[in-house]
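> Sharing a sequence plus its predicted fold:
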2 protein chains.
Amino acid sequence: MAPPPDAGGRTRPVTITDIAKLTNVAASTVSRALNNPGRVNAVTRERIQAAARALNYVPNSQARALTSGRTGTIALFVSDVTNPFYFGLIRGTQHALKAASYAQLLIDTENSGELEVEMLHKMRRSLDGAILAASRLSDQALANLTDEIPLVTINRNVRGMQSVVIDTPAGIRQAIEHLASLGHHDIVYVCGPANSWPNAARWQAMRNAASRLGLTVGRVGPFPPGQPSGPAAADAVLNTTATACVVFNDLLAIGMLTRLRERGVRVPEDLSVVGCDDIFGADFCNPPLTTLTAPIERAGLVAVSMLLSRLSARSATEPVRQSVVLPTYLTVRDSTGPVPAGTRLAG
Amino acid sequence: MAPPPDAGGRTRPVTITDIAKLTNVAASTVSRALNNPGRVNAVTRERIQAAARALNYVPNSQARALTSGRTGTIALFVSDVTNPFYFGLIRGTQHALKAASYAQLLIDTENSGELEVEMLHKMRRSLDGAILAASRLSDQALANLTDEIPLVTINRNVRGMQSVVIDTPAGIRQAIEHLASLGHHDIVYVCGPANSWPNAARWQAMRNAASRLGLTVGRVGPFPPGQPSGPAAADAVLNTTATACVVFNDLLAIGMLTRLRERGVRVPEDLSVVGCDDIFGADFCNPPLTTLTAPIERAGLVAVSMLLSRLSARSATEPVRQSVVLPTYLTVRDSTGPVPAGTRLAG
DNA sequence: ATGAAAGCGCTAACAA
DNA sequence: TTGTTAGCGCTTTCAT
């Protein structure tokens, strides 16, 4: 489709002025023909577009941004690029953005709220908008930022901001019911980071579900949400009387699995484990993890489409979708099973 | 587009002109004070910098790029964002770039060489340079591109181009020796994509090592380098007489593991499996995978530093490091073991 | 050491 | 419908 670039030496890039000269029109007409084809006579438009194609013209996005204010790039802020949870998200946003001819800037905030604001502030002029996954900022700070740059948050609900939230709490209910149906009545929640919004939501949902079903729930943690925290989390759980646990995320759960095997605790015979997210690896770890499958790639797509529709809204008052909740469902694999017949050997 | 004074809470961004007025100097002096502090009187410089700080000035990178040609962003081209192999790479480049105050643009070429050229061509003016991981382009195409934009390739060695290559072949030799020491003498290589440079290099290394040790080697494939190809690859291997296999990458190997278990083939008792890369998951799959550990994050760091040093080279003739080879080592886990006593039950 | 002035490539008023 | 004219914010000669 696109002919290969002029393989020759280094030539000065083609500008609209070149096209203008070649076609005997003003530069502004070229600009219009290329960006607002409707506003230009069909014949000249064709001539101009043909010339542009012939010269292999590529618009200079810097120059365009300077006048129009639109940069054609949006940023995805993640708290840690290496967290597999984001893989699906990155893929989702990437696809949606590419389809809309936007470029994606990937920013790693390293779990730091300060870095998050700083980057957002510094880059605000180079971005048309940003998607914040797992923001570590306060509601107030986020609200302030919204004045600087169009923002969509993921898994974070702030009044007046556009957001996509994955309804893990509903999934937690399913998980608790699943465990209850297997005979478990003493369940523990393994907490993620204390300042994580989803973490609080999950724990709350678990308490609610448990009280409705008359189960005992406790919690251990908080733990950093990575594999390396697995051993500590596993030991903490073994120090309770629980026969099942729900873990903040799969990464942590997978870390626990290894430790449990080391300590001779069989999953699920001695202890049932439920994760969250259904990340890469949840299906092939040992044993494969029962977990809450989150439509994370979908979340990325939706976030982008919300952001873009806001950007193209005629006026600031034109209604845009404010918040979308995506459902979650329980995927049962091999890490959950019937409650042990006797009492589990507790530490 | 006249700057409306403070309408609706959004403030007009601070420019060097604002700073110039405030400090009673020319805009050009402000520019110098900020970018070339050496060329400005110490006192005025201090005054200007203080003012910039006070006004919370953030340079407009678009405007800067327009005149200087430098955009402050480099792109990382990957063939598939969802391939876990890239996670470490993304992290490595991200860190190095952030340290140098560069932004990272992430581009997914979807395994398509055409998309790769097109994106590279389209974005060449918005980038200071690019890092190409797993390029699908021909040597010639790459060489041409080098004239358009500074490039560093990863795992791809082209004359005259800067590159970082991970010395998997050396690792393959270790793997073959490891298998030989376990008594295997009939080994098969599971091929990745036909147009993949590392794939060819690995197969070549394997043949060499095998002939040196007097082993029989064969190959099956090519297969797309993802988990979904695992079953087909596993079946193909079982259709040979091999007692061990070396797989193009871990993703494929992990996909095979599941299928092998389904078919009742025990790993490593019936078949030994060696992967490549040591990606996320290789340590907790079932069984944990013996694999070639690649310093992939390091590769990202090195690629960035090579690119940046080239960008800051005084002249086109100043020598820059052309090529770096990073070592690989074999990590032995549980997927390799002694050759089966009798003959493996082959399909 | 500093200032004046000329753009970079493009878009968007305003004219015609 | 099209052309003319201003810039956008910054860097970079070239004077001073």
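That came in fine, so what should we check first?
> Quick check: residues of chain A near DNA strand D?
With C-beta under 7 Å from any atom of the strand as the criterion, chain A comes near DNA strand D at residues A:24-29, A:32, A:39-41, A:43-45, A:63, A:66-67. (Each C-beta comes from the backbone N, C-alpha and C, glycine too.)
> do that again at 10 Å, thanks
When proximity is defined by C-beta under 10 Å from any atom of the strand, chain A lies next to DNA strand D at A:20, A:23-33, A:36-45, A:47-48, A:62-69, A:125.
> hmm, which of the residues you listed are the buried ones?
Buried members of the residues of chain A next to DNA strand D, scored by 16 or more other C-beta atoms under 10 Å in any protein chain shown, are A:20, A:23, A:25, A:29-33, A:40, A:44-45, A:47-48, A:62-66, A:125.
> In helices only, show me the residues of chain A next to DNA strand D.
A:20, A:23, A:27-33, A:42-45, A:47-48, A:62-68 (DSSP state H).
> mind listing the strands for chain A?
A:73-78, A:103-108, A:129-133, A:151-154, A:162-166, A:186-190, A:216-220, A:244-247, A:272-277, A:290-293, A:323-326, A:329-331 (DSSP state E).
> Comparing those strands by mean pLDDT, which bottoms out?
Ranked by mean pLDDT, the strands of chain A bottom out at strand A:103-108, which scores a mean of 90.
> and the angle from that one to strand A:73-78?
30 degrees (axes from the mean of the first three to the mean of the last three C-alpha atoms, to 10 degrees).
> mind saving the C-alpha coords of strand A:103-108 as CSV?
Only the C-alpha atoms of strand A:103-108 are listed here, as CSV (Å, rounded to 0.1, in the frame of the first residue of the first chain):
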residue,chain,number,x,y,z
ALA,A,103,0.3,7.1,19.1
GLN,A,104,0.7,5.6,22.5
LEU,A,105,3.2,6.9,25.0
LEU,A,106,3.9,4.5,27.8
ILE,A,107,4.7,5.9,31.1
ASP,A,108,5.8,4.0,34.2
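> now the residue nearest the centre of chain A: how far from DNA strand C?
Using C-alpha atoms, centre = their mean, the residue of chain A that lies closest to the mean C-alpha position is A:Leu89, 4.2 Å off. To DNA strand C, A:Leu89 is 30 Å away according to C-beta to the nearest atom of the strand, to the nearest Å.
> Kindly report the same for A:Gly255.
A:Gly255 is 50 Å from DNA strand C, where distance means C-beta to the nearest atom of the strand.
> Tell me the residues on the stretch 201-347 of chain A that lie near chain B, please.
A:227, A:254, A:257-258, A:280-281, A:284-287, A:316 (C-beta under 8 Å from any C-beta of the partner chain).
> where in chain A is pLDDT low?
The model of chain A has pLDDT under 70 over residues A:1-11, A:314-319, A:342-347.
> Helices of that one, start to end?
So, for chain A - with DSSP H - the helices run A:16-23, A:27-35, A:42-55, A:61-68, A:85-99, A:113-123, A:139-148, A:168-181, A:197-213, A:230-238, A:250-262, A:296-311.
> Compare the ones you listed and give me the one nearest B:Leu55.
Distance to B:Leu55, taken as C-beta to C-beta, is lowest for helix A:113-123 among these, at 13.2 Å.
> Packing partners of that closest one?
Using 3 or more C-beta pairs under 8 Å, 6 or more residues apart in numbering or on different chains; DSSP states H and E, the elements in contact with helix A:113-123 are strand A:73-78, strand A:103-108, strand A:129-133, helix A:139-148.
> Residues contacting it, please?
The contact list for helix A:113-123 (C-beta atoms under 8 Å, 6 or more residues apart in numbering or on different chains) reads A:75, A:77, A:105, A:107, A:109, A:130, A:132, A:135-138, A:141, A:145, A:148-149, B:58, B:103.
> Filter these down to the buried ones, ChimeraX style.
Applying 16+ other C-beta under 10 Å to the contacts of helix A:113-123 leaves a buried subset, and the ChimeraX line that selects it is:
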select /A:75,77,105,107,109,130,132,135,136,137,145,148,149 /B:58,103
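> Now do the contacts for the residue in the stretch 201-347 of chain A that DNA strand D sits nearest to.
Proximity to DNA strand D, evaluated over the stretch 201-347 of chain A using C-beta to the nearest atom of the strand, is greatest for A:Leu311 at 19.3 Å. Taking C-beta under 8 Å, 6+ apart, we find A:Leu311 in contact with A:128-129, A:150.
> Just say which of the strands of chain A is most tucked in.
Burial of the strands of chain A is given as mean neighbour count (mean count of other C-beta atoms under 10 Å in any protein chain shown); strand A:244-247 ranks first at a mean of 30.
> mind listing what that one pairs with, with the direction of each?
Paired strands of strand A:244-247, with direction, are strand A:186-190 (parallel), strand A:272-277 (parallel) (DSSP bridges).
> Please name whichever of these is nearest to DNA strand C.
Closest approach to DNA strand C among the strands paired with strand A:244-247 is made by strand A:272-277 (41.0 Å; C-beta to the nearest atom of the strand).
> returning to what we had before: tell me the one among the contacts of A:Leu311 nearest to DNA strand D.
Distance to DNA strand D across the contacts of A:Leu311 (C-beta to the nearest atom of the strand) is lowest for A:Asp128, with 16.0 Å.
> can you put the contacts of A:Leu311 in a markdown table and add distance to DNA strand C?
Putting those into a markdown table (distance: C-beta to the nearest atom of the strand, whole Å) gives the following:
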| residue | distance to DNA strand C |
| --- | --- |
| A:Asp128 | 13 |
| A:Gly129 | 17 |
| A:Pro150 | 17 |
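> Would you pull up the residue in the stretch 151-300 of chain A closest to DNA strand C?
DNA strand C sits closest to A:Leu151 of the stretch 151-300 of chain A, with a gap of 22.4 Å, by C-beta to the nearest atom of the strand.
> contacting residues for that residue?
Neighbour list for A:Leu151: A:129-132, A:142, A:145, A:161-162 [criterion: C-beta under 8 Å, 6+ apart].
> so it bridges to which residues?
Beta-bridge partners of A:Leu151, counted by DSSP bridges, are A:Ala130.
> Would you mark the buried spots in stretch A:258-277?
The neighbour-count check on stretch A:258-277 (16+ other C-beta under 10 Å) flags A:258-260, A:265, A:267-268, A:270-277 as buried.
> whoops, I mixed them up, stretch A:170-183
Residues A:170-176, A:178-180, A:182 are the ones in stretch A:170-183 that count as buried (16+ other C-beta under 10 Å).
> gap between that stretch and the chain center?
Relative to the centre of its chain, stretch A:170-183 is centred 26 Å away, using C-alpha atoms, centre = their mean, to the nearest Å.
> List the contacts of it.
A:187, A:202, A:205-206, A:208-210, A:213, A:215, A:244, A:246, A:272, A:274, A:276, A:290, A:292-294, A:327-330, A:332, A:336-339.
> separation between the closest residue to A:Ala26 other than its chain neighbours and A:Arg64?
The shortest distance from A:Ala26 to any non-neighbouring residue, by C-beta to C-beta, 6 or more residues apart in numbering or on different chains, is to A:Ala20 (6.0 Å). Using C-beta to C-beta, to the nearest Å, A:Ala20 is found at 16 Å from A:Arg64.
> just A:Ser79 next, same as before
32 Å.
> Can you measure across stretch A:288-301, start residue to end residue?
End-to-end distance of stretch A:288-301: 28 Å, with C-alpha to C-alpha, to the nearest Å as the criterion.
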